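K.L.:
Following is a predicted model, sequence given first.
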Amino acid sequence: MRRRQSWIRNLMRRCCGDPVLADDLAQQVFLQAWRNIARLQKPSSFGAWLKRLAITAWLQHSRRNDALRDAEVHEEADLPHEGTTGVAMDLDRALSTLPDPVRLCVVLSYHERMTHGEIAELTGLPPGTVKSHIRRGAERLRQRLSAYRQTHSSEELS
Amino acid sequence: MTDDRDPKLQALFAEAEEDLSAGDFTANVMNDVAGLKRRALILRLCAGLALVACAWLLAMPLQDAASHLSQGLMTPLIGLENPLLAQLLLPLNNVAFPIALALLGLRFIRRRLFS
């Protein structure tokens, strides 16, 4: 658990944007893992199994809040403040403006580096929807985090 | 299906990945696990106690019922005058035998139909 906690907590933070909620969900994931560890057939696939548990926990949380049905893009309360809040906070803030299914697809693609097919299989969404969610979400993030992109570009140039 | 990712966005995600300390988080999870273990132990103890209580309360009635059932199943179907013949045919000439035959027949039919 010590080895995987940071990864799962980071994943949940990207998914829900709220560190406290993310830690609660990550805690649930590890408890779920402890309860069901006997069902794990291949010890080598522990990581993938844990990730599946994490995504399921997040989806259940989203469904409880009736958020997956909300396909509208959320309006952002305030713009990211680079330098004052850190990349993680700004990224989470930008991610929080995306509808939950879009955010989940983007996080799985960019944070977990999963393929569209893997995401479709994990979330149960059609592959075409996954692709469009990622495209839309990435576009939106590009807009929101344009300041970082400019910084990166200038660093690359220098 | 292409899985192209924006490299700059990818870099931001990598940069945002924090190495979170395990301390409090691990302690909280371990506390919850200990709570779950305690609850499971209490449940098992309660179930065991309930089982013992049930066994103690139902032992005599169950024994009586089993005795009546075995007597009922061994009742001869056809009354035979000759005691030796009655003893010899008792394994076939009782209530249990046609029931056992019927059950075997049903199992055979089920296997033929569903396997």
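P.N.:
It's in.

K.L.:
Is chain B within reach of whichever strand or helix holds A:A48?
P.N.:
Per DSSP states H and E, A:A48 falls inside helix A:46-64. No. Judged by Cβ under 8 Å from any Cβ of the partner chain, helix A:46-64 makes no contact with chain B; its nearest approach is 12.8 Å. No exception for glycine: its C-beta is placed from N, CA and C like everyone else's.

K.L.:
which helices and strands does that helix pack with?
P.N.:
If you count contacts as 3 or more Cβ pairs under 8 Å, 6 or more residues apart in numbering or on different chains; DSSP states H and E, helix A:46-64 packs onto helix A:5-16, helix A:19-36, helix A:100-106, helix A:116-123.

K.L.:
Please identify the deepest-packed of those helices.
P.N.:
helix A:100-106 (a mean of 25; mean count of other Cβ atoms under 10 Å in any protein chain shown).

K.L.:
other SSEs contacting it?
P.N.:
Where contact means 3+ Cβ pairs under 8 Å, 6+ apart, helix A:100-106 is packed against helix A:5-16, helix A:46-64, helix A:116-123, helix A:127-144.

K.L.:
I'd like those helices as CSV, with distance to B:E17 appended.
P.N.:
Listed next are the helices and strands packed on helix A:100-106 as CSV, based on distance: least, Cβ to Cβ, whole Å:
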stretch, distance to B:E17
helix A:5-16, 5
helix A:46-64, 15
helix A:116-123, 19
helix A:127-144, 16
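
K.L.:
Any chance of JSON lines for the ones you listed, columns mean pLDDT?
P.N.:
Output for those, formatted as JSON lines (pLDDT from 0 to 100):
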{"stretch": "helix A:5-16", "mean pLDDT": "88"}
{"stretch": "helix A:46-64", "mean pLDDT": "88"}
{"stretch": "helix A:116-123", "mean pLDDT": "90"}
{"stretch": "helix A:127-144", "mean pLDDT": "91"}
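
K.L.:
For A:S96, which non-adjacent residue is closest in space?
P.N.:
Spatial nearest neighbour of A:S96, chain neighbours left out: A:G17 (3.8 Å); criterion: Cβ to Cβ, 6 or more residues apart in numbering or on different chains.

K.L.:
near chain B, which residues of chain A show up?
P.N.:
With Cβ under 8 Å from any Cβ as the criterion, chain A meets chain B at residues A:1-2, A:5-6, A:9-10, A:14, A:23, A:26-27, A:30-31, A:34-35, A:86-88, A:91-92, A:109-111, A:113, A:115-117, A:127, A:131, A:138, A:141-142, A:145, A:148-149, A:152-153.
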